[in-house]
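S.K.: Next one to model:
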Amino acid sequence: MSYQLVAPKDYTEQHKKLIDSYREAIAAVPAEAELFFDFKDVDSRFIAATDFAGRLWGLKKGQDAIGRLDRELPCEGVVQFADDFVREDLEVLNSNDLSKNIMILDLIHYCCGRKLLLTSKSLLKHDESQSKLGVRCLSMEVKFSDFLSLLPNYYAEFGPGGSITRETESIALENAKLTPYEHEVCFLLTLNWSHKQIAEFMNKYRPTSAPRVADTIHKCINRIHEKLNIQHCYDDSFRELLVHLGVHKRMPQAFFDRLIGTHVLH
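M.R.: This is a model prediction of the structure:
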């Protein structure tokens, strides 16, 4: 028997007892503590949230979020990317991997200002009944200066961009699968960098025995064009295609892990 999605209207007494225990745990967190922790049900409605999360969303306390969707919060920055958050929830809920844990960088203008949060989303489940009850979300702040140090013009190019996911596998574009290295080059291309800038970045953060030069990157891009069956495509138009496909919001694992450094979420 596989785990089944269970909506709040179908909660058993055991389910309700589990949810109440989570609410009690969150209620015990001091109001002044800067802890961002929330739970959602299978419809992406909030079950519980810390007061710190509530204040970021423009609420007096976390409890005021209960029953709301992201798009129903009084924070324009969150509402703008509400569909992204729901897609992430569904990725966790619909996975056959009960231990699935997705990592995301949320670059958003909250009600108190711009913040970069490292977010972990995992399944809220009840093992005895083999039920999926929702999603657990834990976030912690990452220094924006660290982000700019690695990718200095990302914010200038894209502004508060919502969710930036950590891609642990090779990505597919237009039915063509890219290698991790090709994905990294494409991601850096979305930043409007020259071939020389990309080569210098890769030599610093992904060094090889033979240092890369602009021509190395040019040849890599040509291979990607061949995979995508693209002919006579200049960098500007190719970059527009990559941004349209959302490559700038799918950060290669090597870059993501370097950025978050010692930040760990459980």
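S.K.: Okay, domains of this protein per the record?
M.R.: Per the record, the chain has its domains at 12-141, 167-260, by automatic domain parsing.
S.K.: In a markdown table, list these along with distance to Glu157.
M.R.: Where C-beta positions appear, they are placed from N, C-alpha and C, glycine not excepted. Formatted as a markdown table, the domains of the chain follow (distance: least, CB to CB, whole Å):
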| stretch | distance to Glu157 |
| --- | --- |
| domain 12-141 | 12 |
| domain 167-260 | 6 |
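S.K.: Of the ones you listed, give the one that comes closest to Ala156.
M.R.: Ranking the domains of the chain by their distance to Ala156 (criterion: CB to CB) puts domain 167-260 first, at 9.2 Å.
S.K.: Buried residues in stretch 207-224, which are they?
M.R.: When burial is assessed from 16 or more other CB atoms under 10 Å, stretch 207-224 yields the following buried residues: 212, 216-217, 220-221, 224.
S.K.: Check stretch 50-67 too.
M.R.: Buried residues in stretch 50-67, counted by 16+ other CB under 10 Å: 50-59, 62-65.
S.K.: Show me what the helix or strand harbouring Phe255 is in contact with.
M.R.: Using DSSP states H and E, Phe255 sits within helix 253-260. Residues from elsewhere that reach helix 253-260, judged by CB atoms under 8 Å, 6 or more residues apart in numbering: 103, 105, 118, 142, 146-147, 150-151, 164, 166-168, 180, 184, 187, 205-206, 251.
S.K.: 7 Å instead?
M.R.: Under the criterion CB atoms under 7 Å, 6 or more residues apart in numbering, residues 118, 142, 146-147, 150, 166-168, 184, 187, 205-206 lie in contact with helix 253-260.
S.K.: Just the buried ones from those residues?
M.R.: Among these, the ones that count as buried by 16+ other CB under 10 Å are 118, 142, 147, 166-167, 184, 187.
S.K.: any idea how far Gly161 is from the residue nearest the centre of the chain?
M.R.: When CA atoms, centre = their mean is applied to the chain, the residue found nearest the centroid is Ile104 (2.4 Å). Counting by CB to CB, to the nearest Å, the gap from Ile104 to Gly161 is 11 Å.
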